[in-house]
Each structure stands twice: as C-alpha cells, then as structure tokens.
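A.B. asks: Next come a sequence and a model predicted from it.
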Amino acid sequence: MAEKITLLEAKLQNTENEVVELRSLTGGKPQVAFSATLRDNSTGNIGPFTINTPLKYKKIFANTGNSYNPATGIFTATVRGTYFFRFSMFNNVSPTPNSVVSLMKNGERLTSVWDTAGSDANDMGSNAVVIALDVGDNVYVELQANRMVYDNHMNYNTFSGFLLFTV
C-alpha cells in the first residue's frame with residue numbers, strides 16, 4: 001500500500017509540474033478554440049433524419065483545449081466566459097434544396113441558416129453569435145428533421161468557436 005501511495009504522490013507531483021509549465025506557456029489564461037468540417041474524405045448528403053440531430057464535424061482543423069467532441073458534434077465549455085461561434089451550411093440540390101441547420105445552446109435554438117426552395121444551384125449560408133457560457137454548457141449545430149446538407153472534400157460545412165474572454 002505504501003508503494004502505491006508513493007507512486008500516486010509522484011504522479012500527482014508530475015501533474016502539478018505540468019500544470020505550472022502549461023500556465024507559464026499561456027500566461028495562466030485558458031485557451032479554448034476549435035474549428036472542424038463535416039467530412040473527412042467522403043462526398044454526399046448528410047441526412048435526412050427523422051428527428052433533429054446534432055451534426056458531427058469529423059475533420060478537425062484545431063481543437064485547443066479539447067472542448068469539441070467530434071464523436072458527438074458537441075462543444076462543452078470548460079471555462080466560464082464569453083465565446084464566439086460561427087457555422088456554415090451548404091445545401092443539397094436533389095431534387096430541390098431542403099436544408100435547415102440551427103446553432104443550439106443547451107437544447108435551445110440561437111440562430112439558423114436555411115435554403116428550402118428554389119430552382120437555382122447550390123446555395124451557402126453562415127451565421128455567428130457571441131454568447132456567455134457557464135462551465136458544462138453545450139453548443140452544437142443541429143440538422144433539422146427531414147432536412148439534408150451536402151459536403152465533400154471542399155469542406156463547405158464548418159463549425160468553429162473560441163473563448164473571447166473569461167468572466
């Protein structure tokens with residue numbers, strides 16, 4: 001038992017040293033930023049789903065602070081502060097545009113982008129917000145039920161966010 005305690009104490013000391021080193025690199029200020037796109041290598045529509053569904057942005061450009069989870073598509077605040085989020089949507093065109101996506105905070109819609117009718121080719125839109133988040137708040141882009149978006153190697157659909165300042 002004493003040996004285990006000694007090992008745990010050594011691990012704790014190493015962790016504390018790493019925290020001190022990381023704080024010196026960042027000036028003691030938390031760094032949170034991410035940017036991702038929907039597809040790694042594939043092409044085509046995503047959706048439709050029978051219910052509103054968080055989009056999973058799988059190709060990660062940056063994920064400083066590891067607050068964005070590509071397995072769920074959800075950003076979880078690890079720092080209380082004011083954040084900036086931006087998302088873009090590229091619609092599908094077959095047979096007619098049918099795309100609606102919304103930026104969500106804890107299950108509540110903040111803003112949306114849509115293209116649901118028309119005889120033109122693909123359209124694209126984006127939207128952004130600055131919002132206050134508490135630790136544990138979730139932000140994600142939700143594809144509305146029975147809607148689709150299209151993506152390919154051009155990375156049209158993106159989701160990005162970063163901490164502006166702590167509060």
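C.D. replies: Everything's here; your move.

A.B. asks: now residue 105, which residues is it bridged with?
C.D. replies: Assessed by DSSP bridges, residue 105 has beta-bridge partners residue 108, residue 139.

A.B. asks: residues near it, how many?
C.D. replies: 19 (other Cβ atoms under 10 Å). C-beta: built from backbone N, CA, C; applies to glycine.

A.B. asks: what's near enough to touch it?
C.D. replies: 131, 133, 137, 138, 139 (Cβ atoms under 8 Å, 6 or more residues apart in numbering).

A.B. asks: Give me the nearest residue to residue 128, chain neighbours excluded.
C.D. replies: residue 86 (4.1 Å; Cβ to Cβ, 6 or more residues apart in numbering).

A.B. asks: Now do the one you found, the pLDDT please.
C.D. replies: As predicted, residue 86 sits at a pLDDT of 98.

A.B. asks: before we move on, the earlier item: now distance to residue 66 too, for the contacts of residue 105, in TSV please.
C.D. replies: Shown next, in TSV, are the contacts of residue 105 (distance: Cβ to Cβ, whole Å):
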residue	distance to residue 66
131	20
133	16
137	16
138	15
139	15
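
A.B. asks: Between which two of those is the distance greatest?
C.D. replies: Using Cβ to Cβ, the two most remote members of the contacts of residue 105 are 131 and 138, lying 11.8 Å apart.

A.B. asks: Lowest average confidence across helices and strands of the protein, where is it?
C.D. replies: In the chain, no helix or strand scores lower on mean pLDDT, DSSP states H and E than helix 2-26, which sits at a mean of 73.

A.B. asks: follow-up on the earlier one: if I read this right, the residue nearest to residue 128 contacts residue 127, doesn't it?
C.D. replies: Yes - with contact defined as Cβ atoms under 8 Å, residue 86 and residue 127 form a contacting pair (7.4 Å).

A.B. asks: ok so, going back, where's the residue nearest to residue 128, which helix or strand?
C.D. replies: Using DSSP states H and E, residue 86 falls within strand 81-90.

A.B. asks: Show me what that strand is packed against.
C.D. replies: strand 99-105, strand 108-115, strand 124-133, strand 138-143, strand 149-151, strand 158-166 (3 or more Cβ pairs under 8 Å, 6 or more residues apart in numbering; DSSP states H and E).

A.B. asks: And for it, what's in contact with it?
C.D. replies: 30, 32, 75, 77, 99, 101, 103, 113-115, 122-133, 139, 141, 149-151, 156-167.

A.B. asks: Would you give the sheet partners of it, along with the direction of each?
C.D. replies: The pairing partners recorded for strand 81-90 under DSSP bridges are strand 124-133 (antiparallel), strand 158-166 (antiparallel).
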